[in-house]
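Peer 1: Provided below are the primary sequence and the corresponding predicted coordinates.
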Amino acid sequence: MQIEEHIDCDPEDLIVKLLNAARGSVWTSSSVVLDFFKRDRFKQAMENAAERTYQFWFLLDNDVDWEEKKSELPWLAGLVTKGLITVRKSKEPIPHWLIIDGRHFRLEKRHPPGKVITNNLEIWGAVKPLADMLQDRFRSWWENATPVG
């Protein structure tokens with residue numbers, strides 16, 4: 001297991017690296033910061049991961065206006081329309097995480113809405129008890145969220 005804390009760095013490299021590693025599943029929670037989601041490398045990594053994996057759960061933070069985000073990000077809306085990504089919206093504020101294949105994690109520190117966070121924890125190849133605990137937590141958010149499309 002490899003654990004690293006990243007402080008004050010642009011998260012794009014790490015997120016793209018994680019998405020490119022996905023083979024089975026991607027679970028992510030996000031506030032969908034438009035400036036970040038419009039980056040070409042990020043967009044391409046998301047599209048490729050959605051096409052390659054069998055499960056892509058996209059959990060919106062509670063304050064996200066999904067209709068607005070879909071109109072601003074037609075590529076993301078297209079992945080949903082194609083059935084490559086399943087979207088739900090949380091009823092309460094949630095941390096922003098990225099879980100790849102149930103083994104690799106990016107855990108953000110809490111931050112103000114609409115801001116790209118530059119402090120996060122990265123875990124590659126998490127040991128089973130830790131991976132199970134983090135997945136169980138995400139799954140509870142997912143199960144309590146409202147489906148959107």
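Peer 2: In hand now; what should we look at? These numbers come from a predicted model, not from an experiment.

Peer 1: Report all helices and strands that the helix ranked longest in the chain contacts.
Peer 2: Across the chain, the longest stretch assigned as helix under DSSP state H is helix 128-143. Applying 3 or more Cβ pairs under 8 Å, 6 or more residues apart in numbering; DSSP states H and E, one finds that helix 128-143 makes contact with strand 25-30, strand 55-60, strand 97-100, strand 104-108. The C-beta positions use only the backbone N, C-alpha and C, and glycine is treated the same way.

Peer 1: With mean pLDDT added, can I get those in a markdown table?
Peer 2: Rendered in a markdown table, the data for the helices and strands packed on helix 128-143 read as follows (pLDDT from 0 to 100):
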| stretch | mean pLDDT |
| --- | --- |
| strand 25-30 | 97 |
| strand 55-60 | 98 |
| strand 97-100 | 97 |
| strand 104-108 | 92 |
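
Peer 1: Reformat those strands as JSON lines; add distance to Leu73 and mean neighbour count.
Peer 2: Written out in JSON lines, the entries for those read as follows (distance: least, Cβ to Cβ, whole Å; neighbours: other Cβ atoms under 10 Å):
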{"stretch": "strand 25-30", "distance to Leu73": "11", "mean neighbour count": "21"}
{"stretch": "strand 55-60", "distance to Leu73": "11", "mean neighbour count": "20"}
{"stretch": "strand 97-100", "distance to Leu73": "17", "mean neighbour count": "23"}
{"stretch": "strand 104-108", "distance to Leu73": "20", "mean neighbour count": "20"}
